[in-house]
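Undergrad: Okay, here's the prediction I keep looking at, along with the sequence it came from:
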Amino acid sequence: MNPSPKLLTLAVIATALAACTVGPNFQRPDPPKTDEYVAPKTTADSNPADRQELLLGTSPTTQWWHFFQSDALDNIVDRALANNRRLTAAQWTLEQQQELVSARAGRRWPQVDGTAGIGRQKYGAQFLGPLPKPPPFTYFSVGATVSYSLDYTGKLTRSIEQQSALAEYQQRQVEAAQLTVTGNAVNQALEVASLRAQIATVEALLDRDRENLQLVQVAFDAGSVSRLDVVSAQSQLASDTTALSPLRQQLAQARHALALNLGTVPSDPSLPELDLTQLTLPAQLPVSLPSELARRRPDILAAEAQLHAATAAVGVATANLYPRIDLTGTIGQQSITTDALFDQESSVWSITSGLVAPLFDGGTLRAEKRAAVDVMRSTAANYEQTVLEAFSQVADSLEALDNGAEQLRAQASAEATARETVTMTRQSYNEGNVGVLQVLDAERRYQQARLGYVRAQAQRYMDTAQLMLALGGAGPAGP
């Protein structure tokens, strides 16, 4: 009996049946039908020059942190990308998922196993009938076993599709981790720069307080002011000094967070420092269209991959309702002596097929299919929620840019006014027209205005960074 025609027939049947795949086919969700992130303004913008120009419909062509035109910031981000441990872990998890796809895809092919064995056997009298009963004997065998499952329902195809979608999900998780690492590096570096600027401002104001105290002390010694004026100047110096410790604590925490993100210890002497003067606020910002956002943000693409995997899982659960057909073939040599093991007369082969069909399982398989459908619907809702949250984050960032520009302009005006007031009050004090309390009050107002300006300036950089993060960074758009 020649097995080749039968094997060829089975192969043709398997190929024909494999073209049928049960379960729903995944289709990418349509992005929200909107052209705006925020509602149109009802009032005209009276100071457009203070705002950064938004280039709607364009996407960054370089890594987003390059917009600040700072080599120091670029070095910080590069160091974070190279050394962050969570990013490294995410990349290795991606490698694992990709290998699992290859492992699952390998089941498309017939599985061939080599076999070799030695055994001792004895035949019973009932098996031999009237033939003489042979003594126990030892046999030797070598050969190969080929097994193959007909994927006529597409279960294996759906399973590979599911695993590929999970690998895609992990790929998007790596991109999200990269975005998080770069965002944290930029924000932490900006926080360090802002706190250093605030500390420098407070230290400069303390110098002014010491000068005031010295002037009051000289006036007191000359008998032109009372002891109350001296005490008031001392109180102002002591009060302003209390602002330093909290700022220094915040700076230490910001440095520690930056060290963690850079993959080093807080005591690392090479931990970089950044000044606001090393940054340039970009005048123009590319902003992706809302329809493009769903095709470029890693978290949205990750949610989409999860939906794809859940859809494929429905196909797997559906295929479990159908019979399973397995084919097995063996070929080899078998002999009771090793000398004759490879003789032509010792050749053996077999072809078997098996069918396993679910007849009664207490409703398990159909319940599992319904559960898979429920997961798919839940994942679809989570995807839609992720898109809405992304749009909300972009809208928040755009509003922050507008409000930040107004806040910086107001703080700049307040600082200039307070500075002029201090100068005039000091002059009036020297001329004897006002008392020391007026000078101290003017200094206090200037301190508040100066700190407000420094914070507003740093916040504009942070708001710009947040917008780039909300837009998904400057990575390649999704497929």
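TA: Alright, I've got the coordinates. Since we're looking at a predicted model, the values are computed, not measured. Numbering: from 1, shown residues only.
Undergrad: Checking the residue of the chain positioned farthest from its centre next. Helix, strand or coil?
TA: For the chain, the largest distance from the centre (Cα atoms, centre = their mean) belongs to P130, which lies 76.7 Å off. Following DSSP: H, G, I helix; E, B strand; the rest coil, we place P130 in the coil state.
Undergrad: which residues sit in contact with it?
TA: Listed by Cβ atoms under 8 Å, 6 or more residues apart in numbering, the contact set of P130 is empty. Every C-beta, even on glycine, is put in place using the N, C-alpha and C of the backbone.
Undergrad: and it, how far is that from V230?
TA: Distance, P130 to V230, using Cβ to Cβ, to the nearest Å: 131 Å.
Undergrad: Also K33?
TA: Distance, K33 to V230, using Cβ to Cβ: 71 Å.
Undergrad: With neighbour numbers in mind, choose between those two.
TA: V230 (17 against 7; other Cβ atoms under 10 Å).
Undergrad: Please name the residues that touch that one.
TA: V230 makes contact with 213, 216-217, 220, according to Cβ under 8 Å, 6+ apart.
Undergrad: Save those as a markdown table, and put in secondary structure and neighbour count too.
TA: As requested, the contacts of V230 are arranged in a markdown table below (DSSP: H, G, I helix; E, B strand; the rest coil; neighbours: other Cβ atoms under 10 Å):
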| residue | secondary structure | neighbour count |
| --- | --- | --- |
| L213 | helix | 20 |
| V216 | helix | 25 |
| Q217 | helix | 15 |
| F220 | helix | 18 |
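Undergrad: So what does Q333 look like in phi/psi?
TA: The phi and psi values for Q333, taken as degrees, to the nearest 10, are phi -130, psi 140.
Undergrad: Report how many residues lie close to the closest residue to it other than its chain neighbours.
TA: Among residues not flanking Q333 along the chain, S346 sits closest, at 4.7 Å (Cβ to Cβ, 6 or more residues apart in numbering). Around S346 there are 17 other residues, counting by other Cβ under 10 Å.
Undergrad: quick thing: my sequence starts at 11, can you match it?
TA: Sure, I'll start counting at 11 from here, so that last one is S356.
Undergrad: Okay, S356 and A426: tell me how far apart.
TA: 103 Å.
Undergrad: mind showing which ranges of the chain have poor pLDDT?
TA: For the chain, the stretches with pLDDT under 70 are 11-29, 51-60, 70-72, 134-139, 141, 484-489.
Undergrad: tell me the domain boundaries of it?
TA: 31-45+56-119+162-331+374-480, 122-159+333-366 (automatic domain parsing).
Undergrad: most packed of the ones you listed?
TA: Across the domains of the chain, averaging neighbours per residue (mean count of other Cβ atoms under 10 Å) puts domain 31-45+56-119+162-331+374-480 on top, at a mean of 17.
Undergrad: How far away from the center of its chain is that one?
TA: Here domain 31-45+56-119+162-331+374-480 shows a centroid-to-chain-centroid distance of 14 Å under the convention Cα atoms, centre = their mean, to the nearest Å.
Undergrad: mind listing the helices for the stretch 311-460 of the chain?
TA: Ranges of helices in the stretch 311-460 of the chain, per DSSP state H, counting those that start in this stretch, are 374-440, 446-480.
Undergrad: quick one: which of these is nearest L311?
TA: Nearest to L311, of all the helices of the stretch 311-460 of the chain, is helix 374-440, at 9.6 Å by Cβ to Cβ.
Undergrad: Counting by contacts, list what that closest one packs against.
TA: Counting contacts by 3 or more Cβ pairs under 8 Å, 6 or more residues apart in numbering; DSSP states H and E, helix 374-440 packs against strand 294-297, helix 300-303, helix 308-329, helix 446-480.
Undergrad: at 10 Å what do you get?
TA: strand 63-66, helix 165-231, strand 294-297, helix 300-303, helix 308-329, helix 446-480 (3 or more Cβ pairs under 10 Å, 6 or more residues apart in numbering; DSSP states H and E).
Undergrad: is it fair to say S234 lies in a helix?
TA: No - per three-state DSSP, S234 lies outside any helix segment and is coil.
Undergrad: who's in contact with the nearest residue to it once chain neighbours are set aside?
TA: Excluding the flanking residues, the one nearest S234 by Cβ to Cβ, 6+ apart is G442, at 7.6 Å. For G442, the contacting residues are 229, 234-235, by Cβ atoms under 10 Å, 6 or more residues apart in numbering.
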